[in-house]
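Novice: Prediction below, plus the sequence it came from.
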Amino acid sequence: MDWDEILDPLSPLYQEAMYEQQQLVNMQDGLIAATKKIIEEVYPQIYHLESAGYKELEAVIITECVKFSCKINEVMNRYHTGK
């Protein structure tokens, strides 16, 4: 694998990397949306948080969902059978 091939938009390696990146972004977006929905259902007081609390909660949600999606991606790639 060389950088020219990875950076060439027409190369299979580039296409594969972009596909994987899109999967990660989709997973992150889905996890963030689902987490926010669950929090709203479980903690209705979310609508009465101070601004600082809402910002901190938002940061926690994003940070942890990004970590979670990366872990999921690692497992999927490690055990993918190519089927």
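Specialist: Okay, I see it.
Novice: Helices along the chain, start to end?
Specialist: Per DSSP state H, the chain carries helices over the ranges 3-7, 12-42, 51-79.
Novice: can you put these in JSON lines and add mean neighbour count and mean pLDDT?
Specialist: Quick note: C-beta positions are derived from backbone N, CA and C, even for glycine. As requested, those are exported to JSON lines (neighbours: other C-beta atoms under 10 Å; pLDDT from 0 to 100):
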{"stretch": "helix 3-7", "mean neighbour count": "10", "mean pLDDT": "71"}
{"stretch": "helix 12-42", "mean neighbour count": "13", "mean pLDDT": "93"}
{"stretch": "helix 51-79", "mean neighbour count": "12", "mean pLDDT": "95"}
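Novice: and the residue nearest in space to the middle of the chain, how far is that from residue 66?
Specialist: Geometric centre of the chain, nearest residue: residue 28, 2.2 Å, by C-alpha atoms, centre = their mean. Per C-beta to C-beta, to the nearest Å, residue 28 is found 6 Å from residue 66.
Novice: ok, now residue 8?
Specialist: Residue 8 sits 28 Å away from residue 66, going by C-beta to C-beta.
Novice: try residue 82
Specialist: Applying C-beta to C-beta, the value for residue 82 to residue 66 is 27 Å.
Novice: Equivalent analysis for residue 81, please.
Specialist: Distance, residue 81 to residue 66, using C-beta to C-beta: 26 Å.
Novice: Also residue 31?
Specialist: For residue 31, the distance to residue 66 equals 8 Å [C-beta to C-beta].
Novice: what does residue 43 give?
Specialist: Applying C-beta to C-beta, the value for residue 43 to residue 66 is 21 Å.
Novice: same deal with residue 11?
Specialist: Distance from residue 11 to residue 66, by C-beta to C-beta: 27 Å.
Novice: Cool, thanks, signing off.
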